[in-house]
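Participant: Generate coordinates for the sequence data below:
(chains A and B)
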Amino acid sequence: MRRTTASVLTLFVLILFSYFNPTYCQNNSNGNARGSRVSLPAKPTLPLSLPLKEGSVRFAVIGDTGSGTDKQQQVADTMLQYRAAFPFEFVLMMGDNLYGSENPDDYRKKFANVYQKLLDNKVKFYAALGNHDQPNERFYENFNMNGKEYYRFTKGNVAFYALNSNYMDKKQLKWLEDELAKDTSAWKVTFFHHPPYSSARKHGSDKQIRQVLEPLFVRYGVNLVLTGHDHVYERIKPQKGIYYFVSGAGGQLRPGDVKQGSALTDKAFDQDMHFMLFEVVGDQLYFQVISRTGQTVDAGVLPNQKKKK
Amino acid sequence: MCCSAAIRLPAAVTAQKKVVEQIAEATQPSISPADKEAIKRFEERVKQYVKLRESVKAKVPKLSKGSTPEQIAAFEKASIEALRAARAGARPGDVFKPDVAGFIRTTMKSEFKPGEKKEIRKVVLEKETNIPVPLKVNYPYPDPKEYVEMPATLLLKLPQLPKQVKYRYVGHNLILVDTDNNLIIDYMLDALP
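Facilitator: Purely as a prediction, here's the structure:
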């Protein structure tokens, strides 16, 4: 009897492992192996790897955008194209929303003009502050920060926490802990600028920020952490059960910056700019990463960690 | 270890105890009675600054939660001008007086222990742009700007500031800036050992 129970348990654990193992995530259309970089094909395509379920929470993610360059505009144009197929409701910004000066013209050139058509379509942008952002961006109407350097909002069964990783002081940490402690949302998503885990050469993992945030994320069941700063895309292998993404190439790029063979990397892309699309359907989180030219460079589905236990 | 390893939390902490409190306790330096007094006086000087800036702020156009870029620019310009006029006589060391500066330097020194310097220096000294920041009290931090991330564990150790004021590193120097307009309130040279 005991042996039977043990066998059933073992089988159950194996099924769970195979289901939750990161390899469950699909590889890109080029068929690149897990952990490898992706090279672009000549022709852009518009394949959608998201289920488009009724009542789901749909959003896009961009990071390190505010350069005001043609390439930032091209990323925005591709986002718009994809929105026709995948009507995302809002966009999370990982910081460095405006590089350089921040005069009224800069707000237009580096943000409003670039995303004008999305704004016209009532897509809301929710910003976090990066190391190039003046704190007064928190008052800007289109960043929806409501005058706060860190804030929370909810959509469906998902709670979003925008944090200011430039200045993670005790006040902010206490606020985060108080909010997380009473949060009963099925999904808890934090987004901020400096990545606790990153395989990029330029900045890499921010161990200072990890040191203070990770214990909170673990204690209070944060599911997903989205960051920028490094101008690449990287899907990190789950750390202490938490999903981490670096998405810092919405308007800047450091080609070849991801360390080959990094133990942290599940998938990386550093050959072009990109944006991300997410869809939360019940206890499943679907994602798709799309390059400036419309190529899908990563996609997959991640289960809610609570269901794992 | 300061930066590359996890903070060692007390073994006997209960599950009920807040994580932030545990982290703060684990990172808190020992503070002498004299330092406690110096910190208290420093916090009082910061409060006086905040009181002044709030009275000045009341006289300039307010920012709403959904402001236009023009409104933000107008607010910054007006608040800088008004605050500079109100603090025309401000001098270096008015806020970072020698007593608290001594405590801060000692705290930095303990934070930047041998073997731990590389990681934290990477955070503090890292810059992407090379715009010089002139250290002048009552002058704004230059635009285009880049802000160095303040290491979180260091922020837990330094005297706590109200939301209107922030610490910031400029090279090896520590400055105190106004959150809303980037005016340099005061600075400390060679704060980083």
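
Participant: Where does pLDDT dip in chain A?
Facilitator: Filtered on pLDDT under 70, chain A yields the residue ranges A:1-45, A:307-309.

Participant: Tell me which helix or strand comes right after the lowest-mean-pLDDT helix or strand in chain B.
Facilitator: Of all the helices and strands that make up chain B, the one with the lowest confidence by mean pLDDT, DSSP states H and E is helix B:117-125; it has a mean of 67. Downstream of helix B:117-125, the first helix or strand assigned by DSSP states H and E is helix B:152-157.

Participant: Now do the following helix or strand past that next one, average pLDDT.
Facilitator: On the C-terminal side of helix B:152-157, the closest following helix or strand by DSSP H and E is strand B:165-170. In this model, strand B:165-170 has an average pLDDT of 92.

Participant: Partner strands of strand B:165-170, with direction?
Facilitator: Based on DSSP bridges, the pairing partners of strand B:165-170 within the sheet are strand B:173-178 (antiparallel).

Participant: Show me what the most centrally placed residue in chain B is bridged to.
Facilitator: For chain B, the residue lying nearest the average C-alpha position, counting by Cα atoms, centre = their mean, turns out to be residue B:167 (1.1 Å). Per DSSP bridges, the residues bridged to residue B:167 are residue B:176.

Participant: try residue B:140
Facilitator: The partner list for residue B:140 in beta bridges (DSSP bridges) reads residue B:183.

Participant: just residue A:303 next, same as before
Facilitator: Residue A:303 has these beta-bridge partners by DSSP bridges: residue A:284.

Participant: residues from the stretch 201-309 of chain A in reach of chain B?
Facilitator: Residues of the stretch 201-309 of chain A lying close to chain B by Cβ under 8 Å from any Cβ of the partner chain are A:203, A:206, A:207, A:208, A:209, A:211, A:212, A:213, A:214, A:215, A:216, A:219. All C-beta spots, glycine's among them, are computed from the backbone N, C-alpha and C.

Participant: how about 10 Å then?
Facilitator: Residues of the stretch 201-309 of chain A that fall close to chain B, judged by Cβ under 10 Å from any Cβ of the partner chain: A:202-220, A:229, A:252.

Participant: Weed out the non-buried ones from those.
Facilitator: Neighbour-count burial within these applies to A:203-217, A:220, A:229, A:252; the criterion is 16 or more other Cβ atoms under 10 Å in any protein chain shown.

Participant: residues in contact with residue A:258?
Facilitator: Contacts were defined as Cβ atoms under 10 Å, 6 or more residues apart in numbering or on different chains; by that measure residue A:258 touches A:35, A:37, A:198-202, A:230, A:232-234, A:246, A:264-265, A:267-271.

Participant: Same check on residue A:86?
Facilitator: Counting by Cβ under 10 Å, 6+ apart, residue A:86 touches A:46, A:48-50, A:52, A:58, A:60, A:79, A:277-279, A:288, A:290.

Participant: so which of these is the most crowded?
Facilitator: Greatest neighbour count in those, by other Cβ atoms under 10 Å in any protein chain shown, goes to residue A:290: 29 neighbours.
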